[in-house]
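Trainee: With the sequence up front, the predicted model follows.
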Amino acid sequence: MVFTQLFVNGLIAGAIYALVAAGFSLIYSTTKFVHFAHGATVAVSAYFLYFLFSILGINFWISVPLAIAFGAFFGLICNILVYEKFVDKKASNVILLITSFGLLILFESIILLLFGADVKTIGFIKISKGIEIAGAIITPLQIFIVISSFVLLAVLWFFMKKTKLGKAMRAVSDNKAVAETLGINAKKIFNWSFVIGSAIAGVAGIFVALEQNLEPTMGTNLIIKGFTGAVIGGIGSAPGAILGSFLLGFAENFGIWFLPSGYKDAIAFVILLVFLLFRPTGILGIKREVQK
Amino acid sequence: MKTKIIFGITIAAIIAIIFFAGCTQQNQPGEEKIRIGVLLSLSGDAAFFGESELKGIQMAVDEVNEAGGINGQAVELIVEDTGTLNTPATITALQKLVNVDGVSVIIGPTWDMPGVTEVAEKEKIVLISPDNIVGITGEKKLEYFFSTWQPQKAEMLALAKFAKERNLTQIVILKDTDIYSEVITKRFLEAVNQQRINVLGSFSVITGTKDFRTELIKIKEMKPDAIMAAFVSESPRGPLLKQIKELDLKTPVLANSAVEDQALLNNFSQYAENTVFFASPNIVREKEFLSKFEAKYQTKPVGPGAPNAYDAAIAIVTAYKSEARTADEIKTFLKTHTFPSMTFGQLQFDENGFVSSDVTKFVIKTVKNGQFIPYEGS
Amino acid sequence: MIESYLIHLAILICIYLILAIALQIAVGFSGLLNLGHIAFYCVGAYASALLALAGFPFWVCLIAAGILAMLSGFVIALPTNKLRGDYLALATMGFSFVVYAIALNWTDLTRGPLGLPGIPRPKIFGFVFSDNLAFLILAIAIALICFFALKRIASSQFGKVLEAIRDDELATRILGKNSFKMKTFALGISAFFAGIAGSLYASYITFIDPSSFTILQIIPVLAIVIIGGLASFRGTIIATIIIVLLPEPMRFIGFPSSIVGPARQIIYALLLLLILLFRPKGLFGKVELE
């Protein structure tokens, strides 16, 4: 059945965007940085997995957590070595925006240098055969990806609502100055945001590597889509980002059923514009001053 | 105030470096080495083409130098990276090669950039590309432009004939939005019309797309005999083949010759097995080329263009060996002679600077047991 | 011979200068973080190219490019007028994608990926600017006119109100100024000059295609605006020269050819980061943006 297949396609696409958007949104919500280099985190984790599994031959189930950890570490390094320096100099957000672009270019070039330009894959799953469910075809890996992002949504929501760290993050996200007077160390919260957000990005990188392929520029396209999903869902809210990403996935797939495929990106951005005009806080966005 | 002075000095320093570097390059006695410019994409999305092309050129030049160079003179390559489809940056690099390094011949660029071919024409520099298929998208005739890629018209004719013979008469086209796919699709449509093959529809996805599932559902409903996948890069093609199998589509896939890329075999050969068909120039001296390449680089060429680039370099060297030195002499020599070619056996340029279809013999190939082999009929 | 190489670079500097100062009006003076600036550049370039290919004289192409770009500026300004800071940035970025998609897909007009080749060089009073040196002189003339025009606008009453809006829009409105109208004009002016830059670009390279107008092209222009310092004309000139010339000295460092591509990108990115770290406010910046 066409409708269910389109729905499934939207779920799969949305799940991957969601994994990228969630980490990005988490980082933005506490630090207010537009961390475009988040795309580099995705690429770096994917290539690290390739390095461990396909080059060094380390067991897959050991390589995966290592790659995720490396992604988290990479994001943390971006903060400590680069962003913090700018914050110390009281640089504005525009500067950080350009800086994150610079970091993205830098790390994509380093990957190109180390691994070469040719497309690579992680040869862990030998043959991928689709299973038919309710008239739609989906592979086991794709099912796993979709379930993982739902689980992530739930875990994130629980984390932000119930745990001490999550509450501290929300406090900093709402009002950093007040949170600091309450004894919360904002710098530490920033670091935690980068660690957790980047770890999620690491998961995204691994899924993309398994489901599609690896190339040095893989981060750029993904961060643009993730970014869009995050805004649609509410840029201050990580669970919202996930929801927005799924919406994006559905809109794209249903959209190009009716329109020529060349308009796929434009569909995404028209939706973005519509949301920004009529509901800038996004679906689950924290009510913040958006208009003047 | 101090920082402004520092910055002022830095800018002056940058300009000075450029100027002095340029002058010293020119003052060097140029007679000691023969310089050939190389203008390839070594970063960005086209880098997988450029990297393998560079290796092909380098191999040719190293062979020549080891055999004593050109009448005693060594050949030197001056390599510039152009990024991917970045016309202003490529023109800047071309200007530097021509006006600072003083080359008369440039091998490149990677992928068609009509703005660049115009400039080369204006500067009267021989521009020989290993992979260009258009040169310029207009009616203007180019004098200094050459390409050693397999002629696409002839290739698509061969592919269309094969489709007709196998009774694949209802075809759907899947392409993306870069200039390569655009032109290949055009040539394919021309060839297919000649053969009275019916094109059921054409899907044009944004370059960079790797998710074709929704397009594939539409295609499944059209029930075509074959899908023509016109992509220049393995990046979308691999996932496409995978998704075709996942969605249980049993249609054969036709492709352009850029599919003959080791990257496909490394990554997704199981999905290409017995499914992909394309018209290959049938690298006549393939075994020879591959053994030389593997001996030098310890790997097969990953990325298309290596043998074509090798051929381009050899053609240039042959021209130089005949004492041609200026761009005019070289272009005349190229247009009037035949060259040894790894890709075609013999290489001859037609009046538009492309490989003459007189020398090309396409062979339909497919993937079997993880290798590209000629297709032997049902 | 080396002059040809330098002349080419100088022309690029002129084009980027116009583009950057146009962006300054939006970002530096009005506080509008317009990431869709390249869309105006694109509209101007295509408008100029199509008119030139249809045989119209250069000055018509140039002005029409500016006007059509300005109209597209109004198109994006009106709906996004009430958006603040980051949200405006996102909306304008989306606009950039939409314009790119149109350029790519409206093949009847733009020929899509095949692009528009053979754009004639400008012809004024019978003199054709096919020689690059001649074109450079034309480019410098146009750049100077744009520069001084924008400087006049910035230091006029209108410009002062824009700066007031940038610093505190609420206060400005309380004082009776129609900030929405003024922001719309600011974006329109910014777009007009971006369109002029686009026309110059199309006439110089004589070939345009959508790949010259992707979202990534905003990075160098935004870098110029930031490194030069917000609302600083002097800073913009110096920063343009730095950004355009930055990749050049690296061509003369002898990297082994197998790594030359990524190696140069790495150094370029590092230098960019160092410049930003060194002077986060920009060279002559006196302004902070939220």
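Mentor: It's in.

Trainee: Break down the stretch 201-350 of chain B into its strands, ranges please.
Mentor: B:226-230, B:253-255, B:276-280, B:338-341, B:345-348 (DSSP state E, counting those that start in this stretch).

Trainee: Sketch out the low-pLDDT regions of chain B for me.
Mentor: Residue ranges of chain B with pLDDT under 70: B:1-31, B:137-139, B:283-284, B:377-378.

Trainee: at 80 instead, please
Mentor: Across chain B, the stretches falling below the confidence threshold (pLDDT under 80) are B:1-32, B:135-140, B:282-286, B:359, B:377-378.

Trainee: what about residue 111, how many residues close to it?
Mentor: Chain wasn't specified; assuming chain A. Neighbour count for residue A:111, taken as other CB atoms under 10 Å in any protein chain shown: 24. Where C-beta positions appear, they are placed from N, C-alpha and C, glycine not excepted.

Trainee: was after chain C, sorry
Mentor: Taking other CB under 10 Å as the criterion, the count of residues near residue C:111 is 17.

Trainee: show me what contacts residue A:210?
Mentor: Contact analysis of residue A:210 by CB atoms under 8 Å, 6 or more residues apart in numbering or on different chains lists A:122, A:124, A:125, A:141.

Trainee: Next one, pLDDT for it please.
Mentor: pLDDT recorded at residue A:210 is 92.

Trainee: can you check residue A:54 too?
Mentor: For residue A:54, the model assigns a pLDDT of 90.

Trainee: Number of residues surrounding residue C:62?
Mentor: Other residues near residue C:62 come to 23 when the count uses other CB under 10 Å.

Trainee: Residue B:109 is nearest to which of the strands of the stretch 201-350 of chain B?
Mentor: Among these, strand B:345-348 comes nearest to residue B:109, with 19.6 Å by CB to CB.

Trainee: Output the closest one as PDB, nothing but the C-alphas.
Mentor: As requested, the backbone C-alpha atoms of strand B:345-348 are provided in PDB (Å, rounded to 0.1, in the frame of the first residue of the first chain):
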ATOM      1  CA  GLY B 345      43.900   1.100 -27.500                       C
ATOM      2  CA  GLN B 346      44.300   4.000 -29.900                       C
ATOM      3  CA  LEU B 347      43.400   7.600 -29.100                       C
ATOM      4  CA  GLN B 348      42.300  10.100 -31.700                       C
END
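
Trainee: Now do the buried residues in that strand.
Mentor: Burial within strand B:345-348, assessed by neighbour count using 16 or more other CB atoms under 10 Å in any protein chain shown, is assigned to B:347, B:348.

Trainee: so what does the next helix or strand after it touch, helix or strand wise?
Mentor: Scanning the chain past strand B:345-348 towards its C-terminal end, the next helix or strand to appear is strand B:363-368 (assignment: DSSP states H and E). Strand B:363-368 is packed against helix B:152-165, helix B:262-272, strand B:276-280, strand B:371-374, with contacts defined by 3 or more CB pairs under 8 Å, 6 or more residues apart in numbering or on different chains; DSSP states H and E.

Trainee: Adding distance to residue C:212, write the strands of the stretch 201-350 of chain B out as TSV.
Mentor: Formatted as TSV, the entries for these read as follows, by distance: least, CB to CB, whole Å:
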stretch	distance to residue C:212
strand B:226-230	23
strand B:253-255	29
strand B:276-280	31
strand B:338-341	34
strand B:345-348	33
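
Trainee: of all these, which lies closest to chain A?
Mentor: Taking CB to the nearest CB as the measure, the strands of the stretch 201-350 of chain B were each checked against chain A, and strand B:226-230 came out nearest at 13.6 Å.

Trainee: That closest one: partners in the sheet, and parallel or antiparallel?
Mentor: Neighbouring strands of strand B:226-230 in its sheet, by DSSP bridges, are strand B:170-176 (parallel), strand B:253-255 (parallel).

Trainee: Need the residues that contact it.
Mentor: Applying CB under 8 Å, 6+ apart, the set of residues contacting strand B:226-230 from outside is B:163, B:168, B:170-176, B:181, B:184-185, B:188, B:219, B:237, B:240, B:244, B:249, B:251-256, B:259.

Trainee: can you rerun that using 7 Å?
Mentor: B:163, B:168, B:171-175, B:181, B:184-185, B:188, B:219, B:237, B:240, B:251-256 (CB atoms under 7 Å, 6 or more residues apart in numbering or on different chains).

Trainee: got the angle between that strand and strand B:276-280?
Mentor: Per axes from the mean of the first three to the mean of the last three CA atoms, to 10 degrees, the angle that strand B:226-230 makes with strand B:276-280 is 50 degrees.

Trainee: Show me how far strand B:226-230 is from its chain's centre.
Mentor: Taking the mean of its C-alpha atoms, strand B:226-230 sits 20 Å from the chain's own mean (CA atoms, centre = their mean, to the nearest Å).

Trainee: Any idea which helix or strand in chain A has the lowest mean pLDDT?
Mentor: Averaged element by element with mean pLDDT, DSSP states H and E, chain A has its least confident helix or strand at helix A:264-278 (a mean of 78).

Trainee: All the helices of the stretch 101-250 of chain B, residue numbers only.
Mentor: Ranges of helices within the stretch 101-250 of chain B are B:114-123, B:152-165, B:179-194, B:213-222, B:234-246, based on DSSP state H, counting those that start in this stretch.

Trainee: Go through the second one and flag the buried ones.
Mentor: When you say that, I think you mean helix B:152-165. B:152, B:154, B:155, B:156, B:157, B:158, B:159, B:160, B:161, B:162, B:163, B:164.

Trainee: any residues touching the host helix or strand of residue A:249, and which ones?
Mentor: With elements delineated by DSSP H and E, residue A:249 resides in helix A:238-258, which encompasses its position. Outside of helix A:238-258, the residues that reach it under the criterion CB under 7 Å, 6+ apart are A:6, A:9-11, A:13-14, A:17-18, A:21-22, A:24-26, A:29, A:149, A:152-153, A:156-157, A:160, A:225-226, A:228-234, A:264, A:267-268, A:271, A:282-285, B:214.

Trainee: What are the phi and psi values at residue C:232?
Mentor: Dihedral angles phi and psi of residue C:232 (degrees, to the nearest 10) take the values phi -110, psi 120.

Trainee: For residue 278, the count of nearby residues, please.
Mentor: Because you didn't say which chain, this covers chain A. Applying other CB under 10 Å, we find 8 other residues in the vicinity of residue A:278.

Trainee: not what I meant, chain C
Mentor: The criterion is other CB under 10 Å. On that basis, residue C:278 has 13 neighbouring residues.
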